[in-house]
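Visitor: heads up, no residue letters with this:
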């Protein structure tokens, strides 16, 4: 008996599996709609198996063993059913990853709006509330806010354009976020006389959750010169006073 080549064995196995699937589908067409729906998973898996036989190479000794099977798809499918847990876990991860990515995208779009307030609280709090994506998006926006300040403040000062620079910065990232990120540097350097007493006092309003063991906002320290930071912070305070004047007091009649 002539020994068959690897290619011949692969073609023989594929042809046998293809005929088996065609016969299975032909028989399925005679079944009721409910029976067809019940077999939908089996059809999908067997079609995938036939595709694997067509597109992937197998060692000759494996092909020889598989060619001994009269109904290769049926035998392999039944074996697959006992190992399907891994596929279910993979599907679970896929679904979960998709849901998390949607939440991340939504959170990033939300915090890209300068009107959206910063996420308050620690990461541990966000985890408990199921709001980790909101926390990360807010922190990411904080980092971009500070980076934008660091990259532009020196040029703004040299061009004598600090006021319009700070105004545009606050418009892009939100006034409160800008004050918060600069407030960390001011608050942590209360010994530095280059920061004005009123700036130091104002920065004390922010809780950065600093303890003896941890400082969750240590990355918020700006690299800009303290005099420029102080100037920017005071301009933000000035903007804040302007906003408060525009808001009618409770005992004042709106016009």
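Guide: Now that the structure is in, tell me what you want to look at. Predicted model, so just to flag it, every value in this text is computed and none were measured. Numbering: from 1, shown residues only.

Visitor: neighbours around residue 199, how many?
Guide: 22 (other Cβ atoms under 10 Å). All C-beta spots, glycine's among them, are computed from the backbone N, C-alpha and C.

Visitor: SS state for it?
Guide: With DSSP: H, G, I helix; E, B strand; the rest coil as the basis, residue 199 sits in helix.

Visitor: same deal with residue 224?
Guide: Residue 224 - assigned by three-state DSSP - is coil.

Visitor: okay, the closest residue to it other than its chain neighbours: pLDDT?
Guide: Once flanking residues are discounted, residue 224 sits nearest to residue 153: 5.0 Å by Cβ to Cβ, 6 or more residues apart in numbering. Each residue has a pLDDT score; the one for residue 153 is 97.

Visitor: Can you tell me the element residue 153 falls in?
Guide: Per DSSP states H and E: residue 153 is located in helix 132-158.

Visitor: For that helix, which residues meet the burial criterion?
Guide: 132-139, 141-142, 144-146, 148-149, 152-153, 156-157 (16 or more other Cβ atoms under 10 Å).

Visitor: Contacts for the very next helix or strand once past it next, please.
Guide: On the C-terminal side of helix 132-158, the nearest following helix or strand under DSSP H and E is helix 162-173. Contacts with helix 162-173, where a contact means Cβ atoms under 8 Å, 6 or more residues apart in numbering, come from 114, 141, 144-145, 148-149, 152-153, 156, 178, 228, 231-232, 235-236, 239.

Visitor: Pick out the most distant pair among those residues.
Guide: 141 and 231 (23.3 Å; Cβ to Cβ).

Visitor: tally of neighbours for residue 5?
Guide: 11.

Visitor: which ones are touching the nearest residue to residue 215 once chain neighbours are set aside?
Guide: Leaving aside its sequence neighbours, residue 215 sits nearest to residue 208 (Cβ to Cβ, 6+ apart; 7.4 Å). Each residue near residue 208 by Cβ under 8 Å, 6+ apart is listed here: 184, 187, 215-217, 220.
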